[in-house]
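K.L.:
here is my input; please provide its structure:
(one chain, ligands or ions: 3)
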Amino acid sequence: MTDFYKGLSPVKFEGEQSTNALAYRHYNKDEIVAGKRMEDHIRPAVAYWHSFAAEGGDPFGGRTFDRPWYDKGMDGARMKADVAFETFDMLDVPFFCFHDVDIAPEGDSLAESNKNVREIGEIFAKKMETSRTRLLWGTANLFSNRRYMGGAATNPDPDVFTYAAAQVKNVLELTHELGGENYVLWGGREGYETLLNTKIGQESDQMARFLTLVIEHADKIGFKGQILIEPKPQEPTKHQYDYDVATVYGFLQRYGLEKRVKCNIEVGHAFLAGHSFEHELAVASSLGMLGSVDANRNDLQSGWDTDHFPNNPGEMALAFYYILKQGGLGKGGFNFDAKLRRQSLDPADLLYGHVGGLDVLARGLKAAAAMIEDGEFDRLLDERYAGWQSGEGKAILNGERSLENLAERVERENLQPQPRSGRQEYLENLVNRFV
Ligand code: XLS
Ligand code: NI
Ligand code: NI
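P.N.:
Ligands and ions are numbered 1, 2, ... in the order given. Take a look at the predicted model:
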């Protein structure tokens, strides 16, 4: 044990009446909601990077946090792993996620970097023999090092593509060995700063080739996890190719990969794309692409990916509505991908962020389950589209009517469609009844 959380006790569920800031008030992992344990619905994960590698810096100033593992090379990485697993225990969470560079320092060559990553991977494997925390997903950081400034898979230089591929091979294999349930590709710098130096079509082909290589290698090593693309419209590049769920789907379909890949949808990325979080979930779910979630939101005034912990139960209720309607996230889960604010210096702050976030997720889940159980919402939705279930509506959808047929019918029956209320305010109130 390190003394990082000295004086603090593990977070437990104490119920709504509790005033203990380090207790769950709504997240009760074993409580059955809609036929399943709460934990099995949410599958929450701590993000290694924001929780243990972020330093509180912003564009105007560097590090504000003071962690005992900073600047200590591999010794620091080992201490960081100790504190990470202590954090998972303190929070009693079933999952974590990492990038290669979060867990171990980069070396002078890829061989050395990979060796460092592998060494910490072995420590993880050892800790996972006694810890109950599992790996939700692994990923490679293909965006921080300056070699990737012009992209990784989409770089104009094939050597950069090659280097990135070698990096992914290592992390994919480690993810597999650690029993990871997913592998994530977020297109860090897969985009452009200016069209003046960019061939879009060429870069798209490169990106598809890269993804295909990843899928082929996953198959080769017997990785049964889900491969996920995390859409984001901008930041760090001015324009990111994986703009939103619909764009990613179009890309995958164009290269015949849509059956092999799903999406990891991040709340804040949805906002940056000019959508709501639930829009992205609804679109993904309708396309069979809803795989997993990054639960972090943005400061809505900032126009930036600020990675705040979730704090809006209403938003999460709508999210869980789509998740429950599709029968859950399967291998996916809710990765926090959230970081502490620059002034939140204390170890306890790391716990507060996750405790509050998990309680918000639990409230959202319970509200959505109640909404579905009540049935009014679904009934109204079905009623609105009922015309398509039989008769003329069904015949149109089945391709049994031509434009001529339809025109004839309007004339024959002197068709006068009657507008009906969309009842938006009523529906919004209905949702709030359960939140
Ligand atoms: C950045 C992304 C990143 C991915 C993992 O905006 O959210 O953190 O989740 O590479
Ligand atoms: Ni993310
Ligand atoms: Ni993000």
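K.L.:
which bits of the stretch 151-300 of the chain sit near ligand 2?
P.N.:
Contact residues (C-beta under 5 Å from the ion) of the stretch 151-300 of the chain with ligand 2: 266, 294. Using the backbone N, CA and C atoms, a C-beta is placed for each residue, glycine as well.
K.L.:
show me where the protein has strands.
P.N.:
For the chain, the strands defined by DSSP state E cover 12-13, 23-24, 32-33, 36-37, 44-47, 95-99, 134-139, 182-186, 191-192, 226-230, 239-240, 261-266, 290-294, 334-335.
K.L.:
the longest helix anywhere in the chain: which residues count as buried?
P.N.:
In the chain, taking DSSP state H as the definition, the longest helix is helix 347-374. The neighbour-count check on helix 347-374 (16 or more other C-beta atoms under 10 Å) flags 347, 350-369, 371-372 as buried.
K.L.:
so can I have a markdown table of the strands of the chain showing distance to E408, mean neighbour count and mean pLDDT?
P.N.:
Below are these laid out as a markdown table (distance: least, C-beta to C-beta, whole Å; neighbours: other C-beta atoms under 10 Å; pLDDT from 0 to 100):
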| stretch | distance to E408 | mean neighbour count | mean pLDDT |
| --- | --- | --- | --- |
| strand 12-13 | 64 | 16 | 98 |
| strand 23-24 | 63 | 20 | 98 |
| strand 32-33 | 52 | 16 | 98 |
| strand 36-37 | 51 | 14 | 98 |
| strand 44-47 | 57 | 28 | 99 |
| strand 95-99 | 58 | 27 | 99 |
| strand 134-139 | 55 | 26 | 98 |
| strand 182-186 | 52 | 25 | 99 |
| strand 191-192 | 50 | 22 | 98 |
| strand 226-230 | 46 | 23 | 98 |
| strand 239-240 | 48 | 19 | 98 |
| strand 261-266 | 43 | 27 | 98 |
| strand 290-294 | 41 | 27 | 98 |
| strand 334-335 | 53 | 28 | 98 |
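K.L.:
and the ones you listed as TSV, adding distance to ligand 3?
P.N.:
What follows is the strands of the chain, written out as TSV (distance: least, C-beta to the ion, whole Å):
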stretch	distance to ligand 3
strand 12-13	29
strand 23-24	25
strand 32-33	28
strand 36-37	28
strand 44-47	10
strand 95-99	12
strand 134-139	12
strand 182-186	7
strand 191-192	14
strand 226-230	7
strand 239-240	11
strand 261-266	5
strand 290-294	6
strand 334-335	10
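K.L.:
how about the residue lying closest to G188 once chain neighbours are set aside, what does it touch?
P.N.:
Nearest residue to G188 in three dimensions, chain neighbours excluded: F143, at 2.7 Å (C-beta to C-beta, 6 or more residues apart in numbering). By C-beta atoms under 8 Å, 6 or more residues apart in numbering, the residues touching F143 are 152, 188-189, 236.
K.L.:
give me the below-cutoff pLDDT ranges for this protein.
P.N.:
Residues of the chain meeting the criterion pLDDT under 70: none.
K.L.:
output the set of residues of the stretch 301-435 of the chain in proximity to ligand 3.
P.N.:
D305.
K.L.:
swap the cut-off to 8 Å and go again
P.N.:
305, 307, 337 (C-beta under 8 Å from the ion).
K.L.:
and those, which is closest to ligand 2?
P.N.:
Nearest to ligand 2 among those: D337, at 4.0 Å, using C-beta to the ion.
K.L.:
surely the closest one is in contact with R297?
P.N.:
No. Taking contacts as C-beta atoms under 8 Å, D337 lies outside contact range of R297: 10.2 Å.
K.L.:
ok, and the most crowded of the contacts of F143?
P.N.:
A152 (27 neighbours; other C-beta atoms under 10 Å).
K.L.:
who's in contact with it?
P.N.:
142-143, 160-161, 164, 188-190, 210 are the contacts of A152 under C-beta under 8 Å, 6+ apart.
K.L.:
which ones, among those residues, also lie beside ligand 1?
P.N.:
Among these, proximity to ligand 1 is found for none (C-beta under 6 Å from any ligand atom).
K.L.:
any chance of a markdown table for those residues, columns distance to ligand 3?
P.N.:
Shown next, in a markdown table, are the contacts of A152 (distance: C-beta to the ion, whole Å):
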| residue | distance to ligand 3 |
| --- | --- |
| L142 | 14 |
| F143 | 11 |
| V160 | 22 |
| F161 | 23 |
| A164 | 19 |
| G188 | 10 |
| R189 | 13 |
| E190 | 14 |
| F210 | 20 |
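K.L.:
so which of these belong to helices?
P.N.:
Members of these lying in helices (criterion: DSSP H): 160-161, 164, 210.
K.L.:
quick one, which of those residues are buried?
P.N.:
Neighbour counting by 16+ other C-beta under 10 Å classes 160-161, 164, 210 among those as buried.
K.L.:
where's the residue in the chain that ligand 3 sits nearest to relative to ligand 1, distance?
P.N.:
With C-beta to the ion, the shortest gap between the chain and ligand 3 falls at D305, namely 4.5 Å. The spacing between D305 and ligand 1, counted by C-beta to the nearest ligand atom, to the nearest Å, is 5 Å.
K.L.:
thinking again about what came up before, tabulate the strands of the chain (TSV), appending distance to ligand 1.
P.N.:
As requested, the strands of the chain are exported to TSV (distance: least, C-beta to the nearest ligand atom, whole Å):
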stretch	distance to ligand 1
strand 12-13	28
strand 23-24	25
strand 32-33	26
strand 36-37	26
strand 44-47	7
strand 95-99	6
strand 134-139	5
strand 182-186	4
strand 191-192	12
strand 226-230	5
strand 239-240	9
strand 261-266	5
strand 290-294	5
strand 334-335	7
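K.L.:
for E404, which of these is the nearest?
P.N.:
E404 lies closest, by C-beta to C-beta, to one member of those: strand 290-294, at 39.4 Å.
K.L.:
please enumerate residues in contact with that closest one?
P.N.:
For strand 290-294, contacts defined as C-beta under 8 Å, 6+ apart pick out 47, 136-137, 182, 184, 226, 228, 230, 262-269, 281, 284, 319, 322-323, 326, 329-337.
K.L.:
do stretch 131-140 as well
P.N.:
So stretch 131-140 is in contact with 43, 45, 85, 88-89, 93-100, 124, 128, 164, 167-168, 170-172, 174-175, 178-186, 225, 228, 264, 292, 332-333, 335, going by C-beta under 8 Å, 6+ apart.
K.L.:
likewise stretch 244-264?
P.N.:
137, 182, 184, 186, 204, 207-208, 211-212, 215, 226-231, 233, 241-242, 265, 269-270, 273, 275, 280, 283-284, 287-294, 332, 335.
K.L.:
what do you get for stretch 404-417?
P.N.:
Residues contacting stretch 404-417 (C-beta under 8 Å, 6+ apart): 392, 396.
K.L.:
could you dump it to CSV, C-alpha only?
P.N.:
Extracted as CSV, the C-alpha positions of stretch 404-417 are listed here (Å, rounded to 0.1, in the frame of the first residue of the first chain):
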residue,chain,number,x,y,z
GLU,A,404,-48.1,7.1,-59.7
ASN,A,405,-50.0,4.8,-57.3
LEU,A,406,-49.5,7.4,-54.5
ALA,A,407,-50.7,10.2,-56.7
GLU,A,408,-53.7,8.2,-57.8
ARG,A,409,-54.7,7.5,-54.2
VAL,A,410,-54.5,11.2,-53.2
GLU,A,411,-57.0,11.9,-56.0
ARG,A,412,-59.2,8.8,-55.5
GLU,A,413,-59.6,9.3,-51.7
ASN,A,414,-59.4,13.1,-51.8
LEU,A,415,-56.6,12.7,-49.2
GLN,A,416,-56.4,15.5,-46.6
PRO,A,417,-53.8,14.6,-44.0
